[in-house]
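# Kindly return the folded structure for what I paste below:
(chains A and B)
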Amino acid sequence: MKDYLFDALGEISDSHITEAAEYKPKIKVLNLKRVISLAACLAVVAVSVFAVSNYVFPDFTEPSTELITWGTTTVAGTQDSNVQCVPTVKKWEQRDYCSRFSEIEISGKKYDAYQPVQIGENRIGAFIGEVECKGTDENSAVHTANAEIFEIKGVSADGAVAVRFKDDTEKLYYVYFQKNFLPENLGEMMDKFNFSENFAVGEAHRKVSYNADGENLGSEYVMDDEVYEAFTALLKNGREAKAERADTEYFSENLRIWGSVLGHTCVFNFTKEGYLFLSIGSNTVRYNTGVQAYRSFLSLVKTKEAAEITKGIDVLTTTSHTTAMTSQGYTVEIPSDYEERSSDIPVTSPAYIPEGMKTEIQPEIHLFSTAPAKSYDGWETWDFSSCYHQISVNGVTYTADTINRIPVSSEKLGSVLYEFEWEDYRYLKKNDKSFTVVIYEVKGTDKEKAVAVGRKDGLQGGYFLYSAYIPDPVGDLKSCKTLGDYCEKSVYYFSVQSSSWVTYEQDGKEDTIYSLGYEARNLIIELIESNADKKAEIRTSSTGERLQFDTAFYNVEDVISAYLCSDGYFYISCGTEVRAFNIGTYKYNKFMKKFKGSTCVWTPEHPCTIG
Amino acid sequence: MEDNQIISMLFQRNDYALKEIALKYGKLLFRISENILRCKEDSRECVNDTYLVVWNKIPPENPDPFIAFVCKITRNLSIKKLRDRNAQKRSGQTLPIQELENSLCDCSFQDKINARELGRVIDRFLDTVDEESRVIFIKRYWFSDEIYEIAQAVGLSESNVYQKLSRTRKKLRNYLEKEGII
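So this is what the prediction gives:
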């Protein structure tokens, strides 16, 4: 079948391949009213999460219809898979100027707009000159346009410029970055981009490992103030770090921090060799910040992790409605006896069953991995469910909850269903050729619905719950009795994250917060927890003040939105279903007061209008 | 350098064209190959072989778009090498295409339609989905890109990419059902 599909996909047309190879993300339009009306009429609300957080870049304007994002972008409400839509390849006329002419050349230097980001007129500096730009439309016809190039105040034109297209009736300024900008050192880069004004730190992610006692579990690490301070200090202290052209094919990062420069996504990847790979747009430069700096920073991150340990939640005994909304902690235990393998050893399958356990009919088992097929210097920092998000046993697919990562404690392990050897060079101990994976029945749970899977040697966090459960968010919403009941039912797909998008609407005007931040997220979680007993009502929301945030999801077809209204109700909508939970206007106002003072992310042009 | 300039050089039998291809597309081709073969040495070999094939095919061919042309060569060479390697020893590996295989695994349509015809149906299907979903689908199953790479490329979170892939697979299945293939 694999070969058959390989051959079949070989027939994909050149235009599709070219489109994918050259694809660049585009600005998406989120019109809240339209989204809401579509949600009501067509069961369509599609939103994505995961933008970088903490605070915002300054001075980017007019996001009234177009959201300027970094990290990741939103999905327009008009493009939803529930609607049989016609092909939506954007015609030339439908693209904004920045997407039409994504690359320009100024005095022999190439600049590109990796993401379409606009900049306010008040940020525009000296006029540099005019250039003719070329772009290719969907029929491969070449178009030209004249563009005016300006400096961005405080930013060196070596790094980025503002571009305004002469024919653009809206007279927008787009930010273009020099593709091959190579400064002398980290300090020069920060100065040229004027980091103090134009740089915002986002989330930090690090994969961690756990003790093998089955009690701890891991989740992505989220930036906090202390790590933020250490990170910015690392940048300040690393000013002399020499810059080199980077080959991104071969680095294996241990720690990744997202941010934005002039509204464009940038990613800092730290490697154990002491290099900091910084990607701004399509340009990656590495800086030798040193092993010591990296280690110090990493040790701080680890300390923070250790300080934030919370016990793993045993879903089989703890059915708290908060499960879906809390991030869980972990401890780190790095085994000493492993060695890095070269990546030319294939990850093998299928699983094979030890002799003693063989039965007449051999099960067909496969573990599915989404982790990059590269050799890691830190596989021990990945929990099992992160390494393998799915397992297929005789055609039944079980999926791990990669958001909440649910460990199964040893007391809850039932009988062994299968035990097999699995070869994966990425996660082998020294001198081993494979490791043993065990699939356990979970006590009190039908094995058709869920199993516990993990390594027999206890590494990578013990055993995790893999569920054959198919999420039914609409059904869950329809059948829920209380807010807590809904949270409990939706444990696999409903969660509020610090990176969630928030839209605020008042008197028909809307505003966008790019990401919640952990403080604001915690406030929402607290609000939900303290109102878990509120009964579900069918009700239409009022048109007053409204704060809508998008919830994380995984394996869910219908996207879930939750919003608070000044009528004192907390609404959850999914598809055509909406349920309201009456928290009361007093609690609403109290919450909003706190929320306004929280560290959620607003644009300077849109100061916290609710605050 | 523009693709048409590279092709012109190839027509002039100027081997500098190969250097330009390596400079412009080398990383992409290497990634395509490594995604399939998971082996740097083999991947380098495949990419080098790609240059040779390009040299031999142009002229007389004058491909447009050039990028799809070179990517296809690398992919085909890599798949061929993967098959040769797997024939020599019993070892499979986890490839993104297995997700697709998994979602269609209970469908016995291999007897009904040959791979090329199925490919054309899938290509038509891709015209019916939105651009972003199509790009994600092709990046995942044609280029065998990792989820995190796709997420970075399209500006979405990894979970969002998963979700879009899942939806597109489901739609594909429905489409194949409507077409009477499964």
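# okay, and the helix or strand of the chain with the least pLDDT?
Unless you meant another one, I'm taking chain A. helix A:32-42 (a mean of 34; mean pLDDT, DSSP states H and E).
# The intended chain is chain B.
Every helix and strand in chain B was compared by mean pLDDT, DSSP H and E; the lowest is helix B:97-103, with a mean of 77.
# wait, does that helix contact chain A?
Yes. Helix B:97-103 is in contact with chain A by Cβ under 8 Å from any Cβ of the partner chain, via B:Ile97, B:Gln98, B:Glu99, B:Leu100, B:Glu101, B:Asn102. In this view, the C-beta of every residue, glycine as well, is placed from N, C-alpha and C.
# ok, whichever residue of chain B sits closest to chain A - contacts?
As assessed by Cβ to the nearest Cβ, chain A sits closest to B:Gly119 within chain B, at 2.5 Å. For B:Gly119, the contact set (Cβ atoms under 8 Å, 6 or more residues apart in numbering or on different chains) comprises A:Asp7, A:Ala8, A:Leu9, A:Gly10, A:Glu11, A:Ile12.
# Give me the buried subset of those.
Listed as buried from the contacts of B:Gly119 are A:Asp7, A:Ala8, A:Leu9, A:Ile12; burial here means 16 or more other Cβ atoms under 10 Å in any protein chain shown.
# Distance-wise, check the third one relative to B:Arg173.
What it means is A:Leu9. Noted for A:Leu9: a distance of 15 Å to B:Arg173, by Cβ to Cβ, to the nearest Å.
# residue contacts, the residue in chain A positioned nearest to chain B?
Scanning chain A for the residue nearest chain B gives A:Glu11, at 2.5 Å (criterion: Cβ to the nearest Cβ). For A:Glu11, the contact set (Cβ under 8 Å, 6+ apart) comprises B:Ala115, B:Arg116, B:Leu118, B:Gly119, B:Arg120, B:Ile122, B:Asp123.
# rerun at 6 Å
By Cβ atoms under 6 Å, 6 or more residues apart in numbering or on different chains, the contact set of A:Glu11 is B:Arg116, B:Gly119, B:Arg120.
# and A:Glu364, how many neighbours?
Applying other Cβ atoms under 10 Å in any protein chain shown, we find 12 residues neighbouring A:Glu364.
# ah, wrong one, I meant A:Ala113
24.
# quick one: contacts of whichever helix or strand B:Leu29 is part of?
B:Leu29 belongs to helix B:16-37 when assigned by DSSP states H and E. With contact meaning Cβ under 6 Å, 6+ apart, helix B:16-37 is reached by B:1, B:6, B:9-10, B:43, B:46-47, B:50-51, B:70-71, B:74-75, B:78, B:82, B:143-144.
# Only whichever of these are buried, select them in ChimeraX.
To isolate the buried members of these in ChimeraX, using 16+ other Cβ under 10 Å:
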select /B:6,9,10,43,46,47,50,51,70,71,74,75,78,82,143,144
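# out of the contacts of helix B:16-37, which touch chain A?
Among the contacts of helix B:16-37, the ones lying near chain A by Cβ under 6 Å from any Cβ of the partner chain are B:Cys71.
# List the single closest residue to B:Phe143 in space, sequence neighbours excluded.
B:Ile32 (5.6 Å; Cβ to Cβ, 6 or more residues apart in numbering or on different chains).
# Tell me how far the residue sitting nearest the centre point of chain B lies from A:Ala200.
In chain B, the centroid-proximal residue (Cα atoms, centre = their mean) is B:Trp142; its distance is 3.0 Å. In this view, B:Trp142 and A:Ala200 are 35 Å apart by Cβ to Cβ.
# A:Ser542 now?
Counting by Cβ to Cβ, the gap from A:Ser542 to A:Ala200 is 34 Å.
# which one of these two has more residues nearby?
The residue with more neighbours, out of A:Ser542 and A:Ala200, is A:Ala200; 22 against 12, by other Cβ under 10 Å.
# Report whether the expected contact of the more buried one with A:Trp258 is present.
No. With contact defined as Cβ atoms under 6 Å, A:Ala200 does not reach A:Trp258; the gap is 9.6 Å.
# follow-up on the earlier one: for the residues of helix B:97-103 next to chain A, pick the one with the most neighbours.
For those, neighbours were counted using other Cβ under 10 Å, and B:Leu100 has the most, 24 neighbours in all.
# Please name the residues that touch that residue.
A:Leu5, B:Tyr141.
# how about 10 Å then?
B:Leu100 is in contact with A:1-2, A:5, A:8-9, B:122, B:137, B:140-141, B:165, B:168-169, B:172-173, counting by Cβ atoms under 10 Å, 6 or more residues apart in numbering or on different chains.
# what ranges do the helices span in the chain?
All of this refers to chain A. Taking DSSP state H, the helices of chain A run over residues A:2-9, A:14-21, A:32-42, A:97-100, A:186-192, A:195-198, A:225-237, A:291-307, A:384-387, A:473-479, A:483-489, A:517-530, A:585-596.
# meant chain B actually
Applying DSSP H to chain B gives helices spanning B:3-11, B:16-37, B:40-57, B:66-88, B:97-103, B:115-127, B:131-141, B:147-154, B:158-178.
# so which of these comes closest to A:Ser299?
helix B:147-154 (25.1 Å; Cβ to Cβ).
# List the buried residues of the closest one.
B:Ile147, B:Glu149, B:Ile150, B:Ala151, B:Gln152, B:Ala153, B:Val154.
# Now narrow those to whatever sits close to chain A.
Among the buried residues of helix B:147-154, proximity to chain A is found for B:Ile147, B:Glu149, B:Ile150, B:Ala151, B:Gln152, B:Ala153, B:Val154 (Cβ under 10 Å from any Cβ of the partner chain).
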